[in-house]
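A.B. asks: fold the following, please.
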Amino acid sequence: MMNKTVLVSGSSRGIGRAIALYFAQKGCRIAINSRKSSDELKETENELLSYNVPVFSMLGDVGNYEFCQNFIAETKKILGSVDILINNAGISHIGLFSEMTPNEWNEVISSNLTSVYNLSSLVIPDMVHKKSGKILNISSVWGNTGASMEVAYSASKGGMNSLTKALAKELAPSGIQVNAIACGAFATEMNNFLDEEELNRLIDEIPSSRLGKPHEVAKLAFDLCNENTYLTGQIIGLDGGWC
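C.D. replies: Next up is the predicted model:
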């Protein structure tokens, strides 16, 4: 895994940050981004640099194709072509579907699904040329089962899962693997909207009786991207037996 260039979108905090740090500990070159959290992005960059690996960070929205073109071009210039792409960027929206505005819908789909197209389409040509590469999408159990009050989020993750399976078939002849991790409930800021009572009720529903930890996703991500060239097109649940 040494000497690989790994790009992790949405990586200034939470699961994305944990993934970037884990790969840096293994000696990888790391490209990170955040849509608007410049201070957190800088903090993450500084921590990554403490592992004595090359790091590149860029602030911007990966739902925007022109930004992604610049991000990939600068990453390639500084770190080399991307060997491993981890599509982690995403936002949630809680509320009744009937009350959701077109702008809110478009923002969720852009951040969570269009971003996967943007970044993947830009790194695939180099991967095909090298006949190797890994694309790992950070999805959700709601992409499999759907969630009331989270219709747009569920739709975006369901689309991500289908994209994963289809793209894996398309790229397998070129030696590129595409998989996804369907995360359950994790101890990240995305779940901060829950009060203590709601959080305890949620934990009671999880057979493992706890929230997941970001480093658990990071370790699984590393394992999925390390060596195995036969595992592809899979949506791997990491949810403590919840769904």
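A.B. asks: alpha carbons only for contacts and neighbour counts from here, please
C.D. replies: Fine.
A.B. asks: hey, which helix or strand in the protein has the poorest pLDDT?
C.D. replies: Every helix and strand in the chain was compared by mean pLDDT, DSSP states H and E; the lowest is helix 196-205, with a mean of 84.
A.B. asks: contacting residues around that helix?
C.D. replies: Ser209, Arg210, Leu211, Trp242 (CA atoms under 8 Å, 6 or more residues apart in numbering).
A.B. asks: how far away is the third one from Ser111?
C.D. replies: The spacing between Leu211 and Ser111, counted by CA to CA, to the nearest Å, is 24 Å.
A.B. asks: and what of Ile236?
C.D. replies: Per CA to CA, Ile236 is found 21 Å from Ser111.
A.B. asks: low-confidence regions, this structure specifically.
C.D. replies: Scanning the chain for pLDDT under 70 picks out 1-2, 190-194.
A.B. asks: how about 90 then?
C.D. replies: Flagging of the chain using pLDDT under 90 yields the residue ranges 1-3, 37, 186-203, 205, 208-209, 227-228, 242-243.
A.B. asks: gap between the residue nearest to the spatial centre of it and Ala182?
C.D. replies: The residue lying closest to the centre of the chain (CA atoms, centre = their mean) is Asn88, at 1.5 Å. Distance of Asn88 to Ala182, given as CA to CA: 11 Å.
A.B. asks: okay, and the common contacts of these two?
C.D. replies: Residues touching both Asn88 and Ala182 (CA under 8 Å, 6+ apart) are Ile138, Ser139.
A.B. asks: could you tell me which of the contacts of helix 196-205 count as buried?
C.D. replies: Among those, those scoring as buried are Arg210, Leu211, Trp242 (criterion: 16 or more other CA atoms under 10 Å).
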